[in-house]
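Asker: Model the following, please.
(one chain, ligands or ions: 3)
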Amino acid sequence: ARDAVFDPDSWYAEEIERTIITEDEIRAKVAELGALVSADFAEGVLDSGDELLLVGVFKGAVMFMADFARALSVPVKMEFMALSSYGSSTTSSGTVRILKDIDSDVAGKHILVVEDIIDSGLTLSWLLKYLEGLHPASVSVVSMLRKPGVQRVDIPVKYVGFDIPNEFVVGYGLDYAERYRELPFVGVLKPEVYQK
Ligand code: 5GP
Ligand code: MG
Ligand code: MG
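Answerer: Numbering: from 1, shown residues only. Ligands and ions are numbered 1, 2, ... in the order given. Down below sits the predicted model:
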């Protein structure tokens, strides 16, 4: 439903052009993904006593990680990585540097990378190669959002929340100049925000 979009009295009402995904749609999708992933990993993948190792990517995936982890019915451990990809604030270059690495030994573990959005897929394809080098039992990916640009590299993203149009979005973890991450929905900024 497109009704309860956002509060017209909120501080951001004048800055958001429109909502792409509502808070209700996010909630329903997180529950759906949680059930799907739980079923897939419970069925003979996780040995008894094993956990699924969620690897969240700072900062954008934090909101999704928090919600998604609580929608799972298999036990998990959580790790976070911080990556810097050289490029402008609205595009990525694929040249990646690790600012914060995983803290634990992931050899033999089933890793699920938790991503906010996949655009070109360059950051993720770099990360998957890096993780494969740590000899986990498996690596798969869940991303809340995916843009059409993902075709630039062939990456296997098993679980996707929403395919969205090729526009720059903010909210639910995603920022513009470090702002808007806390918005509970995904939306598009008014052009004048970028021109400031
Ligand atoms: P990729 O390497 O797939 O092109 O881009 C990955 C990263 O770029 C995402 O994790 C995210 O931080 C940023 N990004 C890509 N598209 C968007 C977007 O539409 N909005 C925002 N806020 N960040 C994006
Ligand atoms: Mg990301
Ligand atoms: Mg960003």
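Asker: What residues of the longest helix seen in the chain count as buried?
Answerer: Across the chain, the longest stretch assigned as helix under DSSP state H is helix 23-42. For helix 23-42, the neighbour count (16 or more other CB atoms under 10 Å) marks 23, 25, 26, 29, 30, 33, 34, 37, 38, 40, 41 as buried. Using the backbone N, CA and C atoms, a C-beta is placed for each residue, glycine as well.
Asker: Same check on stretch 49-69?
Answerer: 50, 52-58, 60-65, 67-69.
Asker: Likewise for stretch 127-135?
Answerer: Neighbour-count burial for stretch 127-135, counted by 16+ other CB under 10 Å, picks out 127, 128, 130, 131.
Asker: sec struct for the second one, please.
Answerer: The reference is to residue 128. helix (DSSP: H, G, I helix; E, B strand; the rest coil).
Asker: Please report how far it lies from residue 43.
Answerer: 23 Å (CB to CB, to the nearest Å).
Asker: Using PDB, write out every CA atom in stretch 113-129.
Answerer: Extracted C-alpha coordinates of stretch 113-129, given in PDB (Å, rounded to 0.1, in the frame of the first residue of the first chain):
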ATOM      1  CA  VAL A 113      26.900 -11.500   3.100                       C
ATOM      2  CA  VAL A 114      24.300  -9.000   4.000                       C
ATOM      3  CA  GLU A 115      24.200  -6.000   1.700                       C
ATOM      4  CA  ASP A 116      22.100  -2.900   1.400                       C
ATOM      5  CA  ILE A 117      22.200  -2.400  -2.400                       C
ATOM      6  CA  ILE A 118      23.900  -3.800  -5.400                       C
ATOM      7  CA  ASP A 119      24.400  -1.400  -8.200                       C
ATOM      8  CA  SER A 120      27.400  -2.200 -10.500                       C
ATOM      9  CA  GLY A 121      28.200  -5.100  -8.200                       C
ATOM     10  CA  LEU A 122      31.900  -4.200  -8.300                       C
ATOM     11  CA  THR A 123      32.200  -3.800  -4.500                       C
ATOM     12  CA  LEU A 124      30.500  -7.100  -3.900                       C
ATOM     13  CA  SER A 125      32.400  -9.000  -6.500                       C
ATOM     14  CA  TRP A 126      35.600  -7.900  -4.900                       C
ATOM     15  CA  LEU A 127      34.300  -8.900  -1.400                       C
ATOM     16  CA  LEU A 128      33.200 -12.300  -2.600                       C
ATOM     17  CA  LYS A 129      36.700 -13.000  -4.000                       C
END
